[in-house]
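Visitor: only geometry, no sequence info:
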């Protein structure tokens, strides 16, 4: 009888720990950081561009992008003509352009990108024409989870694009090279670029301000103006409480089984 009871108790132990493993593994996978937030600074010191010059960076040299990206840079225009000029353009084909930024004939920044069903989606920031011989900071962000593109100039949010077909549309990224300045088909601008950064995540407004001031958004303190920090703390506490209750409940359950079995093994004096 004792052998059977011990075997049953061990079976309860195995079942209990199996339940813990089944529930804890998906939770740990859900909570772990899936992708490291990183960037590469492609241009640091001011680099002079002409309409015929460019910098080309291969796709393999850039941080891996899944659903989000951001580009920040400082730009200085020295002259401007009557054409459309390329600031940056990722893609080797004419209809593959995520991300891309042009200047129209009025020196207005025009972010472009490809989405499902539209290879020429974007916005024209007509109220923000650039002046010559002046530095500007530009931040360009894309997020498939948010279905949104944002543009910032000198830290100020100046324009956005939101998809209307949430389920059926997405930004279409590509594995083509990134051209800064002249593309294979279109001329580049005449001026300078510095501090060109390519991020593999979507910069929030506060992170754009950090980049604008010369700081590194990937090293920000999670407690400093981070909207995700309270949510993360709440999730961590909830998961810890849930696992703790599972351990406590399982322990009490097994303890009661052991006490019950011991009581049943006491011989009846009658």
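Guide: Noted; the coordinates are in hand. As the structure is a computational prediction, the values presented were derived from the model and not from experiment.

Visitor: residue ranges with poor pLDDT in the stretch 1-150 of the chain?
Guide: Residue ranges of the stretch 1-150 of the chain with pLDDT under 70: 1-35.

Visitor: what ranges do the strands span in it?
Guide: Along the stretch 1-150 of the chain, counting by DSSP state E, counting those that start in this stretch, strands occupy 39-43, 47-49, 54-57, 68-79, 85-90, 100-103, 109-115, 118-122, 135-143, 148-153.

Visitor: and the first one, what's buried?
Guide: What it means is strand 39-43. Neighbour-count burial for strand 39-43 flags 39, 42-43 (criterion: 16 or more other Cβ atoms under 10 Å). C-beta: built from backbone N, CA, C; applies to glycine.

Visitor: hmm, back to that, tell me the most buried of the strands of the stretch 1-150 of the chain?
Guide: strand 85-90 (a mean of 25; mean count of other Cβ atoms under 10 Å).

Visitor: show the backbone phi and psi for residue 38.
Guide: Residue 38 has phi and psi values of phi -150, psi 180 when expressed as degrees, to the nearest 10.

Visitor: my guess is it contacts residue 62. True?
Guide: No. Contact between residue 38 and residue 62 fails when scored by Cβ atoms under 8 Å: they sit 10.4 Å apart.

Visitor: could you dump the strands of the stretch 1-150 of the chain into JSON lines with distance to residue 188 added?
Guide: As requested, the strands of the stretch 1-150 of the chain are exported to JSON lines (distance: least, Cβ to Cβ, whole Å):
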{"stretch": "strand 39-43", "distance to residue 188": "13"}
{"stretch": "strand 47-49", "distance to residue 188": "6"}
{"stretch": "strand 54-57", "distance to residue 188": "6"}
{"stretch": "strand 68-79", "distance to residue 188": "11"}
{"stretch": "strand 85-90", "distance to residue 188": "5"}
{"stretch": "strand 100-103", "distance to residue 188": "10"}
{"stretch": "strand 109-115", "distance to residue 188": "14"}
{"stretch": "strand 118-122", "distance to residue 188": "18"}
{"stretch": "strand 135-143", "distance to residue 188": "15"}
{"stretch": "strand 148-153", "distance to residue 188": "20"}
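
Visitor: residue 38 and residue 62: which has the busier surroundings?
Guide: Taking other Cβ atoms under 10 Å, residue 38 and residue 62 do not tie; residue 62 has more neighbours (18 against 12).

Visitor: SS state for the nearest residue to that one once chain neighbours are set aside?
Guide: Once flanking residues are discounted, residue 62 sits nearest to residue 198: 5.6 Å by Cβ to Cβ, 6 or more residues apart in numbering. Following DSSP: H, G, I helix; E, B strand; the rest coil, we place residue 198 in the strand state.

Visitor: residue 198 against residue 59, yeah?
Guide: No. Contact criterion Cβ under 8 Å: residue 198 and residue 59 do not qualify, at 10.9 Å.

Visitor: list the residues that contact both of the two?
Guide: Here residue 198 and residue 59 have residue 178 as joint contacts, going by Cβ atoms under 8 Å, 6 or more residues apart in numbering.

Visitor: show me which of the two is the more surrounded one.
Guide: With neighbours defined as other Cβ under 10 Å, residue 198 and residue 59 compare such that residue 198 has more, 24 against 16.

Visitor: tell me who's in contact with that one.
Guide: Applying Cβ under 8 Å, 6+ apart to residue 198 gives the contacts 39-40, 42, 57, 62-63, 69-71, 178.

Visitor: now do residue 48
Guide: Contacts for residue 48 (Cβ under 8 Å, 6+ apart) come out as 191-192.

Visitor: what does the one 3 residues further on give?
Guide: Under the criterion of Cβ under 8 Å, 6+ apart, the contact list for residue 51 reads 81, 85, 182, 187-190.

Visitor: repeat for residue 105
Guide: 80-84.

Visitor: alright, that wraps it up for me.
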